[in-house]
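Peer 1: quick one, what's the 3D model for this:
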Amino acid sequence: MATQTGAKCRLCRRESEKLYLKGEKCFTVKCPIVSRNYIPGQHGPTARRPRLSEFGTQLREKQKVKRVYGILERQFSEYVEKAAKNPAETGDALLRFLELRLDNIVYRLGFAQSRRSARQLVGHGHIKVNGKIVTIPSYQVKVNDVISTVQKISDKKEMIKSSEDLMKKRGLPEWLSRTEIEGKIETAPDVSVLKNNYNTSLIVEFYSR
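Peer 2: Take a look at the predicted model:
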């Protein structure tokens, strides 16, 4: 299972904003964006952020979204290609594909503190979709699918409570519903909310070159 490696907080500092890659830490004063809000590297504290060209702006937006969802380049480009063939607007379709990944749903429901942790839960066989264990993080869930945890995870009350507390801080999307150990996809993801954070038109332009 390919995934991003290396220090996650450096990725946030590179993009100059919180990408919420570390769970609880992102909501505390220990977040490096609070204490070291400059680009990573030896000359970070004194270096000026470069003025970006049109290409550079598109690249940074693409990198930001890739890092948020923890996807490598090959798979991300496949999502863009698939979205371009979708009847919906390409940027909207792209965000829906990303939001409906099983690891993202597990994260959104609060069963894991980060998408990376959610990916591990799925990969280790701790998550069920409609009562069947699914071990593919990129699995595309559908409206009315029910996501639940297996017994050995649901027994860990402290972990569930910790995730619930974190979910209260970041909020549960309106298109999802959840009980203690089960969640449901009520409707398709509302991408209008996500587009406030991601400029998908820049990403589409990047891959249209």
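
Peer 1: which stretches of the chain form helices?
Peer 2: 8-15, 32-35, 54-69, 73-84, 90-99, 102-108, 115-123, 151-154, 157-170, 191-194, 200-207 (DSSP state H).

Peer 1: pLDDT below threshold where in this protein?
Peer 2: 1-50, 151-169 (pLDDT under 70).

Peer 1: what's the domain layout of the protein?
Peer 2: 8-98+198-207, 101-188 (automatic domain parsing).

Peer 1: how about Val175, what does it touch?
Peer 2: Small correction: residue 175 is Trp, not Val. 185-190 (C-beta atoms under 8 Å, 6 or more residues apart in numbering). Where C-beta positions appear, they are placed from N, C-alpha and C, glycine not excepted.

Peer 1: in a markdown table, list those residues along with neighbour count and distance to Leu100.
Peer 2: Shown next, in a markdown table, are these (neighbours: other C-beta atoms under 10 Å; distance: C-beta to C-beta, whole Å):
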| residue | neighbour count | distance to Leu100 |
| --- | --- | --- |
| Ile185 | 23 | 8 |
| Glu186 | 12 | 13 |
| Thr187 | 12 | 11 |
| Ala188 | 14 | 8 |
| Pro189 | 23 | 7 |
| Asp190 | 14 | 12 |
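
Peer 1: which pair in those spans the largest distance?
Peer 2: The span of the contacts of Trp175, defined through C-beta to C-beta, is set by Ile185 and Asp190 at 12.1 Å.

Peer 1: residues near the nearest residue in space to Ala84 that is not next to it in sequence, how many?
Peer 2: What sits nearest to Ala84 in space, not counting adjacent residues and going by C-beta to C-beta, 6 or more residues apart in numbering, is Thr90, at 5.1 Å. Look at Thr90: counted by other C-beta atoms under 10 Å, it has 20 neighbours.
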